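**Q** have a look; sequence and predicted model below, questions after that.
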Amino acid sequence: MKDYIYSVGETVFESFCFGCLLVDAKGRIRFTNKALADMLNWSVQELKELSIDDFLNQEDKKKAHKAIIDFLNKGIRPPRTWTFYTRLNKPVAVSVGAKPATIKNEKLACLLVKNITEKVMLENVVREKNIELEEVLRQSDLAIKTAGLGIWKYVIDTKELFWNNVMFDIYEMDPTDFKGCISDFNHMLHPEDLELAKQNMKRAVSGEQILNSTFRIITNKKNLKYICASGTPVFNERGAVKEVIGVNIDITKIKENELELVRHKEQIQSITDNIPGLVLKHVLHPDGTDEAIYISRRVHNFYGFKPEEVLKDFSLIWNQVLPQDVKLLKNNIRYSAKNLSFWSHKFRVKDRFGTIRWLQGMGNPKERSNGDIEWDSIFLDVTKLEEYRINLESSLEEREVLLQEIHHRVKNNLAIVCGLLELQIMKSGDTSSNQLKDARNRIQTIALVHEQLYSGMRFNHIDIEEYFKNLLNNLQKTTLEPNTKVSFYLKFKIDSLNINQAIPLGLLTSELFTNSVKHAFDRKKNFIRLHINKEGDLIEVFYKDSGKGYNESEINKKSLGNELIITLLEQLNADYSIVTDGTFELCFSFAHKTKGAHSNLDENQTR
């Protein structure tokens, strides 16, 4: 045993820190100390009966045998770090040192073992933390790059400036061109912002924190950018500023959007200020209260108030509406809110200066999620239009009275002429009497048009059915013999006709009726069939009597009656056809005109 102790050394043998063991080429333990036994939870005697295989795992056994043989035969040092397993199969990391020993002519390996489990565990923890740190740094770097955070540091003593990669991206600079001095930064500042940036850096160097300072730069690629910068001073142990660390963010897009938003706002403001109306965003709450969210500056022109006064107290607007118009206006708005329908209403207001104005309001509603109803409305000052309308209505009333009086006087004058003709008829012979009767009937036909015009509400159109029924009734009274009876078959598919077409059509019908009376009524069953229809833009007329027709060669075509019929058809620009064989039929059609060729009446009045 003394030989073994001598081989390992007495100090090591008695050490509590180092375990030692002597093993042969087969790994059998020849000698060990108490430190190793305690380390592995075995007794010294028990260890002597074991081999090194008993506290190695299966994979390490082969490596250990080879390492011992190589050491004993070739002098190759075994691995420095091994893993032993205790009696309880708990792993113990050990550091192994080796030296050769020869006892009783047997080559042995003297292994010095130190428990480094805590060290290995600490190294593992450090390694894991380093991996975690590297991942955090990687993610931070990715976040910084993704967020576009340019990080810089300025060292005061050396006057050096350091940038991260994002800074070079922001300033569009090649890192090889960067000299690391403050001038690299200053020469890219916009001339108008240079002094501000210098003052901020000066404040930071003096120990003041700079937050969200905005300035412009002109990059090497001649691009204008907006930068938001912050800087924080870092102090040394003596309390002096040793460096300034800061962040730069490219806010060009944000700034451009802000400027564009300002331009849009100015444009909208210009529009609302210059259109001849008041723009209002108005909200009605479920509890019945309302308020203005936005009102244009023209509220002063309409009501005499400033926008901020109305936004603060919307009742100022309601109070200006004339009392007699308030109820109808509110009902209109409530209906719009209930049905989410477009509202339009005309009402009067009295501004703060006592001037009464007519306003035309209109707007589209939309419902908010909280039940509020919101309108985007516009109000137009229609005071002059309303005054013009009132004056126009007054003028139209005067015109209607005047036209009514004119038609009435024309009708009366024609009645006087008819009366004179009646006197002449009573004093004339048969031939003259018939001619005078024809003239009287023609005048009455014209007078009947004027009578209907002054008795109705329109002065450019007459009711066709009413007119022709009255015309035929008058002709029947004035031309038929007392015992002569005539049946009328009338059909009208047209409501009204312009007077410049109604008069010639009436005269034409009068001539046709007169001819029927003179030449067709020789039978007991006399009839007249008159159809007037409107098909598209054409007026179609069909006239037929109960006569047996006539031979056209025997007719005096130059008689006044025939000439009048042809003239009136030409005046109507009518296409016509006549059937005289065994009957008499006249069919003709002409274009419907809403106003006559010589009429100065507005076409809109005919509809």
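**A** The structure has been received and is ready for your questions. Numbering: from 1, shown residues only.
**Q** pull out the buried positions in stretch 575-584.
**A** Using 16 or more other CB atoms under 10 Å as the test for burial, stretch 575-584 gives F584. C-betas here are computed from N, CA, C, even on glycine.
**Q** could you report the neighbour count for S377?
**A** Residues near S377, counting by other CB atoms under 10 Å, number 21.
**Q** what about stretch 514-528, distance to the chain center?
**A** 75 Å (CA atoms, centre = their mean, to the nearest Å).
**Q** and it, what's buried?
**A** Of the residues in stretch 514-528, those buried (16+ other CB under 10 Å) are T514, N515, S516, V517, A520, F521, N526, F527, I528.
**Q** what do you get for stretch 474-482?
**A** N474, L475, Q476, T479.
**Q** tell me if I528 really is in a strand.
**A** Yes - assessed with DSSP: H, G, I helix; E, B strand; the rest coil, I528 lies in a strand.
**Q** and it, what is it in contact with?
**A** L472, V486, S487, F488, Y489, F513, S516, Y543, K544, D545, S546 (CB atoms under 8 Å, 6 or more residues apart in numbering).
**Q** N441 now?
**A** L475, T478, T479, S510, T514.
**Q** and after the helix or strand where it lies, which helix or strand comes next?
**A** When elements are assigned from DSSP states H and E, N441 belongs to helix 430-455. As assigned by DSSP H and E, the chain's next helix or strand after helix 430-455 is strand 461-463.
**Q** show me what the mean pLDDT comes to for that next one.
**A** Here strand 461-463 scores 76 as its mean pLDDT.
**Q** for that strand, name the packing helices and strands.
**A** helix 430-455, strand 496-498, helix 499-519 (3 or more CB pairs under 8 Å, 6 or more residues apart in numbering; DSSP states H and E).
**Q** distance from that strand to the middle of the chain?
**A** For strand 461-463, the distance to the chain centre is 51 Å (CA atoms, centre = their mean).
**Q** can you tell me the strand partners of that strand and which way each runs?
**A** strand 496-498 (antiparallel) (DSSP bridges).
**Q** can you give me the buried ones in the strand it pairs with?
**A** Neighbour-count burial for strand 496-498 [16+ other CB under 10 Å]: S496, L497, N498.
**Q** ok, of the contacts of I528, which come out buried?
**A** The buried subset of these - by 16+ other CB under 10 Å - is L472, V486, F513, S516, Y543, K544, D545, S546.
**Q** among the residues you listed, which are in strands?
**A** Under the assignment DSSP state E, the buried ones among the contacts of I528 contribute V486, Y543, K544, D545 to strands.
**Q** pick the one among the contacts of I528 closest to K99.
**A** Of all the contacts of I528, Y489 has the smallest distance to K99: 147.6 Å, by CB to CB.
**Q** can you tell me the helix or strand for that closest one?
**A** Going by DSSP H and E, Y489 is part of strand 486-493.
**Q** quick one: residues in contact with that strand.
**A** 464-465, 468-469, 472, 476, 480, 521, 525-534.
**Q** so K346 makes contact with W358?
**A** Yes - with contact defined as CB atoms under 8 Å, K346 counts as touching W358 (6.4 Å).
**Q** quick check: neighbours shared by those two?
**A** Joint contacts of K346 and W358 (CB under 8 Å, 6+ apart) are V382, E386.
**Q** follow-up on the earlier one: so can I have a markdown table of the ones in strands among the buried ones among the contacts of I528 showing pLDDT?
**A** Formatted as a markdown table, those follow (pLDDT from 0 to 100):
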| residue | pLDDT |
| --- | --- |
| V486 | 85 |
| Y543 | 93 |
| K544 | 91 |
| D545 | 89 |
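**Q** out of the residues you listed, which comes closest to K34?
**A** Set against K34, the nearest of those by CB to CB is Y543 (148.8 Å).
**Q** any idea how far the closest residue to the closest one other than its chain neighbours lies from F492?
**A** In this structure, Y543 finds its nearest non-sequential neighbour in L586, 4.6 Å apart by CB to CB, 6 or more residues apart in numbering. L586 is 17 Å from F492, where distance means CB to CB, to the nearest Å.
**Q** count of neighbours near L322?
**A** 12.
**Q** didn't it look like it was pressed against D351?
**A** No - in this structure, L322 is not within contact of D351 by CB under 8 Å, at 11.4 Å.
**Q** how about the strands in the stretch 301-450 of the chain?
**A** 343-350, 356-367, 373-381 (DSSP state E, counting those that start in this stretch).
**Q** now the ones you listed as TSV including distance to H190 and mean pLDDT?
**A** As requested, these are exported to TSV (distance: least, CB to CB, whole Å; pLDDT from 0 to 100):
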stretch	distance to H190	mean pLDDT
strand 343-350	52	92
strand 356-367	44	92
strand 373-381	40	91
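**Q** want to throw these into a markdown table with distance to G304?
**A** Formatted as a markdown table, these follow (distance: least, CB to CB, whole Å):
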| stretch | distance to G304 |
| --- | --- |
| strand 343-350 | 10 |
| strand 356-367 | 10 |
| strand 373-381 | 13 |
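**Q** quick one, which of these is nearest to G231?
**A** Comparing the strands of the stretch 301-450 of the chain by CB to CB, strand 373-381 comes nearest, at 45.6 Å.
**Q** shaky segments in the protein?
**A** Scanning the chain for pLDDT under 70 picks out 1-16, 137, 140, 143-144, 396-437, 447-460, 522-524, 552-561, 595-607.
**Q** kindly recompute the last result at 50.
**A** 1, 6, 8, 11, 596-607 (pLDDT under 50).
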